[in-house]
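In: Show me the folded form of this:
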Amino acid sequence: MQKKEMAWICLLLLLGGLYIHFFGHWFDKKQIVIRASFRPSRRVKAEVWPVSFALNDEYKLTSVKVVPLQADTHAPGPTPVWSLISDSNSVPTRAFRYGQHILGMKPALAGVHPDALVPDVVYRIILTAGDIAGSNDFRTKATAP
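Out: Numbers count the residues shown, from 1 in each chain. The predicted structure follows:
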């Protein structure tokens with residue numbers, strides 16, 4: 001009886017370990033999930049709807065970069081229209097708007113402000129928070145047809 005009970009316990013531990021490995025996602029690398037949303041603009045002369053970004057959790061961001069994507073060209077490194085970095089300690093962030101000052105972050109190049117977004121262009125936002133990264137593509141929308 002002792003060997004039979006021990007065999008059942010080992011089998012249950014093995015099945016539990018397999019379940020945790022395949023379905024528990026304990027050992028998966030965490031990834032930043034970014035959702036872009038568009039809100040009506042309060043500015044009269046805005047060409048595109050302001051873009052807001054929501055993240056799946058709060059992250060201490062170390063870099064934020066928005067680059068335009070062009071399907072017809074294969075440029076090795078497009079110039080970012082918005083780029084922020086954190087030298088020390090950024091504040092945990094869950095949501096922000098394009099061009100917003102994020103506490104604890106500064107422009108990658110001193111004195112450079114974010115470029116205005118162009119209507120109907122696809123952009124990619126790339127975020128890093130330490131060794132965790134994420135990206136999302138979004139298409140800007142014109143305010144007036």
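In: From now on I want contacts and neighbour counts done on CA atoms only, so please keep to that.
Out: Will do.
In: hmm, who's touching stretch 46-58?
Out: The contact list for stretch 46-58, computed with Cα atoms under 8 Å, 6 or more residues apart in numbering, reads 32-41, 92-98, 117-119, 140-144.
In: cutoff 7 Å now
Out: 32-41, 92-98, 117-119, 140-143 (Cα atoms under 7 Å, 6 or more residues apart in numbering).
In: So which of these sit within strands?
Out: Counting by DSSP state E, the contacts of stretch 46-58 place 34-38, 93-97 in strands.
In: before we move on, back to that, which among the contacts of stretch 46-58 end up buried?
Out: When neighbours are counted using 16 or more other Cα atoms under 10 Å, the contacts of stretch 46-58 contain these buried positions: 32, 34, 36, 95, 98, 117, 140-143.
In: Between these, which sits nearest residue 26?
Out: Taking Cα to Cα as the measure, residue 26 lies nearest residue 32 of the buried ones among the contacts of stretch 46-58, at 15.9 Å.
In: mind listing the helices in this structure by residue range?
Out: With DSSP state H, the ranges of helices along the chain come out as 2-23.
In: List the residue ranges of it that fall below the pLDDT cut-off.
Out: Within the chain, the ranges that satisfy pLDDT under 70 run 1, 41, 43-44, 71-77, 145.
In: domain parsing for it?
Out: Structural domains assigned to the chain are 1-27, 34-139, following automatic domain parsing.
In: Count the neighbours of the residue lying closest to residue 144 once chain neighbours are set aside for me.
Out: Spatially, and ignoring its direct neighbours in sequence, residue 144 is nearest to residue 47 (7.5 Å; Cα to Cα, 6 or more residues apart in numbering). By other Cα atoms under 10 Å, 17 other residues sit near residue 47.
In: hang on, the earlier thing: deepest-packed of the domains of the chain, please.
Out: domain 34-139 (a mean of 16; mean count of other Cα atoms under 10 Å).
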